[in-house]
Structures are given as C-alpha cells and as structure tokens.
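any chance you could fold what I've pasted below:
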Amino acid sequence: MSNLLLSGPKNPIKIQDTTLRDGHQSLLATRVRSEDLLPIAARMDEMGFWAMEVWGGATFDVAHRFLDEDPFERLRALKKAIKRTPLSMLLRGQNLVGYRNYADDVVRLFVDKSCEAGIDVFRVFDALNDFRNLETCVERIKANGKHFQGAVCYSLTEASMGGDVFNLEYYLAKAKELIAMGADSLCVKDMAGIIAPYDAALLIQELKKTVSIPIHLHTHYTSGMASMAYLKAIEAGVDIIDTCLAPFALRTSQPAIEPLIATLRRTPRDPEMDINALLEMGEHLESIAPKYKEYQATNRLSVIDTAVLVHQIPGGMISNLVSQLKEAKALHRLPEVYAEIPVTRRELGTPPLVTPTSQIIGVQSVLNVLLGKYKTVTNQVKDLVFGLYGKTPASIDPEVQKKVLKGYKRGQTPITGRAADHLEPELEDARKKVGDLTRDDYDLLIYVLFPTTGEQFLRKKHGREAA
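Here you go, the predicted model:
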C-alpha cells in the first residue's frame with residue numbers, strides 16, 4: 001500500500017485546521033480569548049485549508065461562562081476575518097452544544113442562527129451513533145444550503161477494531177445510514193485517539209469502496225498513534241484530515257500540521273502549503289501561550305497517555321473520575337474504577353465513550369465501586385436506560401434495566417422511538433421566563449441552552465446585574 005503514496009496521480013490531501021477550536025479546547029480548557037485568535041485568522045484564511053473549525057464543542061459554554069464573551073459574537077468576528085475558507089463547527093446532534101437533548105424547536109432555531117452567524121460546515125454526531133438524533137439538525141442544515149458532514153463515533157471494546165459491536169461491518173453500516181440521510185461528507189470521529197494505524201488503513205480502504213462522498217478522519221494524539229494513523233489513512237485514500245498548528249497540537253489535541261506537510265512533500269498527496277507561513281503563525285501562538293499557562297497539563301512528563309492503549313478511556317473522562325474520587329477521599333480506588341468501567345459500559349449497552357455518555361458511564365462506575373452495584377443510580381443513567389438519549393449500540397442488560405428503572409418517574413418500559421419525540425417545545429416557555437432580558441434570538445439561545453450561567457451572562461452583557 002505504501003507505493004500508493006509515492007506514485008500515482010496527483011491527489012492532494014485536504015486539511016481542516018482545528019487550532020481555533022479543538023486545539024485549545026484539548027490543551028487549554030477552551031480558555032483562549034477571541035483577542036488572541038483574531039490576529040492570525042486572516043493569515044490562516046490564505047493557507048488553503050478545506051475548512052477551519054472555529055466553534056461548537058465546549059466553545060459556546062466556556063465563552064459565556066468563563067470568558068464573558070458572547071459565543072455568537074466570536075463566530076461573527078471570525079467570519080469577518082476569514083473570508084474565503086469555510087467555517088466549521090462540531091454539533092452534538094440533539095444535544096447541540098449543551099449537555100442534554102433539546103426539543104426540536106430549540107434545535108431548529110440554533111442551526112438557523114448558527115448559519116446566519118457564519119457556519120458553513122456542520123460536523124454532526126450522536127454519542128450513541130443513533131442517527132435519529134441528527135434528523136432535525138440535518139433538515140435545517142440542508143434548508144440553509146450548508147454542508148452536512150455526518151460523523152460516526154469511533155469506539156472499541158477490544159485492543160483493535162473488531163468484536164461483537166465495533167467491527168468493520170458496524171462502521172460500514174453506519175456510513176450507509178449517513179449517506180441515506182444526505183451527508184455531503186463522512187467523518188470517522190476518533191475522540192479518544194485510539195484508532196490504530198492499520199485499522200485506519202483498513203477502515204478507509206473499505207469505506208472508499210462503500211461510499212462516494214469525501215471521507216474525513218478526525219483523531220487525537222492522546223495514545224501517540226495519531227500521526228501514524230493519518231499516514232496509513234492517507235495511503236489508503238482518505239480525502240480530509242484534521243490537524244492544528246504545532247503549539248496547540250499533540251498531547252490530547254490533533255497531530256501538528258507542520259511535520260505532515262514535510263512528510264508529504266513531493267508526493268502525489270502533497271497539499272503544497274507554505275510551511276514558513278505556518279511557522280510564523282505558530283510563533284504568534286507561542287507568544288500568547290504564557291497567558292494560559294495555568295490550564296496546561298503539567299502533571300505528567302509524557303506527551304502521550306500510554307495507558308489509553310489499554311483502558312481506552314478518553315483523557316477528559318479520566319480527569320472527571322479523578323476529581324470525583326478525590327472529593328470522596330477515595331483516589332486510591334481508581335484501579336477498581338478502571339476495572340469497573342468496561343463492565344458498567346457493557347451492562348448499559350456499550351455506548352461510545354464521548355460527551356455526554358463518557359461522563360454518564362464514568363460517574364456510575366465510580367458509584368458502583370464506592371456504594372455497591374447500582375445501589376445509587378444517577379438521573380442520567382435512568383434517562384439513558386429509558387431511551388431518552390437514543391438506542392444504545394448493544395442491548396442493555398435486562399437485570400440492570402429493572403434495577404435502574406425501578407420507581408423511575410417516566411415508567412419501567414423503555415421507549416424505542418426517536419428520543420426527541422418525547423420532548424415538549426421549549427422556546428415559548430423560555431421567552432416568558434426570561435422576559436425582556438433577551439434582545440434577540442441569539443440571546444434567547446444562550447439562555448435556553450444554559451439557563452443559569454446564560455442568564456448571568458446576559459445580565460452582564462446588558463448591564464442588568466443586581467445591585
């Protein structure tokens with residue numbers, strides 16, 4: 001397969017830059033301010049990226065909660081600076097950019113306003129790979145004439161792709177589902193950075209035989225395999241990859257673009273980008289980095305998390321587990337929690353470990369270790385078992401289902417339909433509650449998605465703070 005990279009027709013790899021979103025979300029808790037991103041935005045616009053990911057994920061939450069920035073204003077400012085390159089966002093399907101499923105009226109308004117503010121490409125995923133949770137988003141993305149990138153969450157239950165759940169056939173079937181929904185491109189979204197290089201090659205090779213739309217691979221450097229996985233995927237014919245500028249790369253972020261540019265030079269897949277210009281922009285990031293030093297992970301010498309090669313638990317999930325155990329003065333029981341996670345995950349239908357399911361599985365695993373199996377059950381686990389997050393990839397253990405749903409307010413028989421069909425419209429009630437604090441639909445969305453912190457932000461924004 002390696003000969004494909006060194007000879008053959010010219011087919012430059014396309015690159016989406018993640019510096020302005022996933023890069024600093026992964027390494028600096030999304031704390032980088034707009035004033036530090038805007039100075040290089042116009043320069044990055046000249047590089048020839050396929051798209052630039054600038055929004056979604058945690059940016060909406062962190063901007064209003066910690067930075068006192070209006071998330072929509074950030075998007076508009078970046079759109080003004082970036083005139084040629086499409087702007088991309090990460091959208092969690094019916095979860096949008098929050099932590100629960102929102103009603104369809106909220107989803108429609110959010111997508112419409114995101115398009116209006118400047119988003120061109122929507123990477124839409126669902127934590128359970130239940131694509132019914134994408135339907136309302138997709139309808140509005142298409143109605144606005146924007147690019148719908150359907151994403152399938154990459155997960156494992158074994159050391160490599162295979163087993164009863166997350167095998168090659170599973171991913172090919174999911175790809176076909178997204179094609180049927182009208183996806184303009186397909187993303188394999190490896191949020192934990194666990195795709196092995198030869199698995200990446202095999203998956204891309206088989207996807208290329210199955211779908212005709214562009215295939216995009218997204219991964220994180222967490223395990224240390226990401227650059228190797230990209231190289232094998234490029235050899236196998238992947239169309240697009242995600243990278244970011246070196247200062248915001250590696251560790252739990254994406255691979256750095258600069259070494260990949262150098263690696264592909266003079267091959268048919270050479271994107272022919274100006275590496276000197278990339279280095280200059282990296283210098284800007286180095287210059288602003290000291291401001292954000294407190295958010296850098298300095299607890300480990302290693303740049304990679306070698307343990308993820310064994311336990312496959314995403315970095316953000318581990319930090320939540322550690323925090324929970326510290327609070328309970330039980331950090332010494334972390335090895336027991338690591339052992340419990342795959343058991344709890346299997347009992348709850350083997351969901352991929354991505355927001356919000358990673359937190360749901362993690363918290364319940366800690367409770368199972370500290371208090372006994374399902375003696376205490378979180379509301380989120382009850383909702384998951386009832387079907388309010390969608391259909392899990394595998395069946396939920398019937399005995400666990402009985403325990404979890406005993407006395408549950410919605411009943412003991414799980415729903416099987418589209419989860420959002422069971423949610424009442426939210427916007428009108430929200431408008432009444434918030435009154436004249438919101439000036440437009442953008443303000444309303446900030447309040448609906450994050451009622452407590454959103455209201456606090458809007459009071460500051462409009463000079464309505466309590467005396």
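
can you pull the poorly scored residue ranges out of the stretch 151-300 of the chain?
Scanning the stretch 151-300 of the chain for pLDDT under 70 picks out nothing.

list the contacts of K382.
For K382, the contacting residues are 404-405, 408, by Cβ atoms under 8 Å, 6 or more residues apart in numbering. From N, CA and C alone the C-beta is placed, and that goes for glycine too.

tell me how far it lies from K409.
Distance, K382 to K409, using Cβ to Cβ, to the nearest Å: 8 Å.

number of nearby residues for V97?
With neighbours defined by other Cβ atoms under 10 Å, the count for V97 comes to 22.

next one: K406
11.

how about the helices of the stretch 251-400 of the chain, start to end?
257-264, 275-288, 308-311, 315-327, 334-347, 357-371, 379-386, 398-405 (DSSP state H, counting those that start in this stretch).

mind putting these in JSON lines, distance to N299 included?
Listed next are the helices of the stretch 251-400 of the chain as JSON lines, based on distance: least, Cβ to Cβ, whole Å:
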{"stretch": "helix 257-264", "distance to N299": "26"}
{"stretch": "helix 275-288", "distance to N299": "22"}
{"stretch": "helix 308-311", "distance to N299": "15"}
{"stretch": "helix 315-327", "distance to N299": "10"}
{"stretch": "helix 334-347", "distance to N299": "14"}
{"stretch": "helix 357-371", "distance to N299": "18"}
{"stretch": "helix 379-386", "distance to N299": "28"}
{"stretch": "helix 398-405", "distance to N299": "34"}
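
among those helices, which is nearest E455?
Checking the helices of the stretch 251-400 of the chain against E455 by Cβ to Cβ gives helix 379-386 as the closest, at 22.3 Å.

buried sites along the closest one?
380-386 (16 or more other Cβ atoms under 10 Å).

output these in CSV, with distance to K113 appended to each entry.
Compiled in CSV, the buried residues of helix 379-386 are given as follows (distance: Cβ to Cβ, whole Å):
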residue, distance to K113
Q380, 27
V381, 32
K382, 32
D383, 27
L384, 29
V385, 33
F386, 31
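
ok, the residue lying closest to V381 once chain neighbours are set aside to T357 distance?
Spatial nearest neighbour of V381, excluding adjacent residues (Cβ to Cβ, 6 or more residues apart in numbering): Q364 at 5.0 Å. Using Cβ to Cβ, Q364 is found at 11 Å from T357.

just to revisit the earlier point, need the contact list for the residue nearest to V381.
Contacts of Q364 by Cβ under 8 Å, 6+ apart are 344, 348, 374, 377-378, 381.

tell me which element the nearest residue to V354 once chain neighbours are set aside is part of?
For V354, ignoring the flanking residues on the chain, the nearest one in space by Cβ to Cβ, 6+ apart is M191 at 4.7 Å. Secondary structure from DSSP states H and E places M191 outside every helix and strand.

from D184, how far off is M191?
Distance check for M191 against D184: by Cβ to Cβ, it reads 21 Å.

between these two, who's got more neighbours?
Applying other Cβ under 10 Å to M191 and D184 shows that M191 carries more neighbours, namely 26 against 16.

for that one, give me its contacts.
M191 makes contact with 153-154, 218, 220, 314, 352-354 under the criterion Cβ under 8 Å, 6+ apart.

repeat that with 7 Å
153, 220, 314, 354 (Cβ atoms under 7 Å, 6 or more residues apart in numbering).

measure R464 to F457 for me?
Per Cβ to Cβ, R464 is found 11 Å from F457.

state the number of residues packed around Y170.
Y170: 18 neighbours (other Cβ under 10 Å).

quick one: secondary structure of it?
helix (DSSP: H, G, I helix; E, B strand; the rest coil).

neighbours of the closest residue in space to T416 that isn't next to it in sequence, how many?
Closest residue to T416 apart from its sequence neighbours, by Cβ to Cβ, 6+ apart: G387 at 6.5 Å. Using other Cβ under 10 Å, G387 is surrounded by 20 other residues.

pretty sure G387 sits against A419.
Yes - counting by Cβ atoms under 7 Å, G387 touches A419, with 6.3 Å between them.

and A467, what pLDDT?
pLDDT, A467: 40.

between R464 and F457, who's got more neighbours?
Per other Cβ under 10 Å, whichever of R464 and F457 has more neighbours is F457, with 22 against 11.

was I right about that one contacting V62?
No - the pair F457 / V62 is not scored as a contact, 11.4 Å apart, by Cβ under 7 Å.

circling back to that earlier point, and the residue nearest to T416, how far from A151?
For G387 relative to A151 (Cβ to Cβ), the value is 22 Å.

could you do M161 as well?
Relative to A151, M161 is positioned 17 Å away (criterion: Cβ to Cβ).

neighbour count: the two, which is higher?
Comparing M161 with A151 by other Cβ under 10 Å, the one with more neighbours is A151, at 28 against 22.

OK, contacts around R459?
Contacts of R459 (Cβ under 7 Å, 6+ apart): 437, 465.

secondary structure element holding it?
R459 belongs to helix 451-461, assigned by DSSP H and E.

buried residues in that helix, which are they?
Buried-residue list, helix 451-461, by 16+ other Cβ under 10 Å: 454-455, 457-458, 461.

closest to C244 among these?
F457 (27.6 Å).

what are the buried residues along stretch 338-357?
Neighbour count says stretch 338-357 has 338, 340-342, 344-345, 347-357 buried, by 16+ other Cβ under 10 Å.

revised request: answer the last question for stretch 437-456.
437-438, 441-450, 454-455.

with secondary structure and pLDDT added, can I get the residues you listed in TSV?
TSV is the format used below for these (DSSP: H, G, I helix; E, B strand; the rest coil; pLDDT from 0 to 100):
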residue	secondary structure	pLDDT
L437	helix	94
T438	coil	95
D441	helix	97
Y442	helix	98
D443	helix	97
L444	helix	98
L445	helix	98
I446	helix	97
Y447	helix	97
V448	helix	97
L449	helix	97
F450	coil	97
G454	helix	96
E455	helix	95
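
returning to what we had before: using CSV, write out every CA atom in the helix holding R459.
C-alpha atoms of helix 451-461 as CSV (Å, rounded to 0.1, in the frame of the first residue of the first chain):
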residue,chain,number,x,y,z
PRO,A,451,-30.4,28.8,31.8
THR,A,452,-28.3,29.6,35.0
THR,A,453,-25.0,30.7,33.6
GLY,A,454,-26.7,32.0,30.4
GLU,A,455,-28.9,34.4,32.4
GLN,A,456,-25.9,35.6,34.5
PHE,A,457,-24.0,36.3,31.3
LEU,A,458,-27.0,38.2,29.7
ARG,A,459,-27.3,40.3,32.8
LYS,A,460,-23.7,41.4,32.5
LYS,A,461,-24.0,41.8,28.7
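
so it versus helix 441-449, what angle?
Note on geometry: by axes from the mean of the first three to the mean of the last three Cα atoms, to 10 degrees, helix 451-461 and helix 441-449 are set 140 degrees apart in direction.

from what I can see V400 touches R346, true?
No - V400 is beyond contact range of R346, at 9.7 Å (criterion: Cβ under 7 Å).

check contacts around the closest residue to D184 other than its chain neighbours.
Using Cβ to Cβ, 6+ apart and skipping residues adjacent in sequence, the residue nearest D184 is H147, 4.8 Å away. Counting by Cβ under 7 Å, 6+ apart, H147 makes contact with 120-122, 184.
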